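>>> any chance you can model this:
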Amino acid sequence: MKSIFIVLITLLSFTSLFAQNCDCSKFRTGSFEIANQDGTVSKIKRTETKQTETNENVKLKDKVVWVDNCTYKLIPISIQDKTQTVGPDILVFTFIETMEHAYIVHVLIEGKDFEIDAKVYEKGYLNYDK
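Purely as a prediction, here's the structure:
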């Protein structure tokens with residue numbers, strides 16, 4: 001019984017530390033930018049219920065569903081993709097760190113074995129920390 005109590009206290013401590021490093025509410029809505037691996041820059045506009053993402057190859061419109069304060073899902077509404085690499089999958093985003101003008105999210109495709117972390121910047125601050 002004592003060991004279970006110690007494990008619970010340890011887990012709660014880690015949860016508290018995580019929560020202190022994530023001010024997710026600051027980035028729920030707004031305009032953002034991502035430097036993509038292919039050299040393009042995606043521009044994102046997000047409200048509480050909708051998100052658009054555009055770059056030179058892709059224009060996406062998604063429904064935003066907030067699961068909790070730091071996790072949301074993107075459900076595709078419209079996909080225009082010249083590269084034909086974006087599918088109709090539901091993406092789940094979980095904030096893992098927030099900074100002054102950027103945040104890091106853990107992204108997974110619902111129901112598939114794909115996960116990646118991405119750094120997203122407030123509009124006008126792309127790569128400000130490099």
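>>> after the lowest-mean-pLDDT helix or strand in the chain, which helix or strand is next?
When the helices and strands of the chain are compared on mean pLDDT, DSSP states H and E, helix 2-20 comes out lowest with a mean of 43. Counting by DSSP states H and E, the next helix or strand C-terminal to helix 2-20 is strand 30-35.
>>> who does that following strand pair up with?
strand 41-46 (antiparallel), strand 115-122 (antiparallel) (DSSP bridges).
>>> hey, C-alpha coordinates of the last one in CSV?
Listed in CSV are the C-alpha atoms of strand 115-122, where the atom choice follows Å, rounded to 0.1, in the frame of the first residue of the first chain:
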residue,chain,number,x,y,z
GLU,A,115,3.5,10.2,-34.5
ILE,A,116,5.7,13.3,-34.7
ASP,A,117,6.5,16.4,-32.7
ALA,A,118,6.3,19.8,-34.3
LYS,A,119,7.4,23.3,-33.3
VAL,A,120,4.8,26.0,-34.1
TYR,A,121,5.5,29.7,-34.0
GLU,A,122,3.2,32.7,-33.5
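>>> show me the shaky parts of the protein.
The model of the chain has pLDDT under 70 over residues 1-20, 130.
>>> go again using 80 as the cut-off
Along the chain, segments meeting pLDDT under 80 span 1-21, 129-130.
>>> can you pull the contacts of the closest residue to D129 other than its chain neighbours?
Among residues not flanking D129 along the chain, A102 sits closest, at 6.9 Å (Cβ to Cβ, 6 or more residues apart in numbering). For every residue, glycine as well, the C-beta is placed using N, CA and C. Counting by Cβ atoms under 8 Å, 6 or more residues apart in numbering, A102 touches K119, V120, Y121, E122, Y125, Y128, D129.
>>> okay if I get the residues you listed as JSON lines plus neighbour count?
Output for the contacts of A102, formatted as JSON lines (neighbours: other Cβ atoms under 10 Å):
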{"residue": "K119", "neighbour count": "15"}
{"residue": "V120", "neighbour count": "19"}
{"residue": "Y121", "neighbour count": "20"}
{"residue": "E122", "neighbour count": "18"}
{"residue": "Y125", "neighbour count": "14"}
{"residue": "Y128", "neighbour count": "12"}
{"residue": "D129", "neighbour count": "11"}
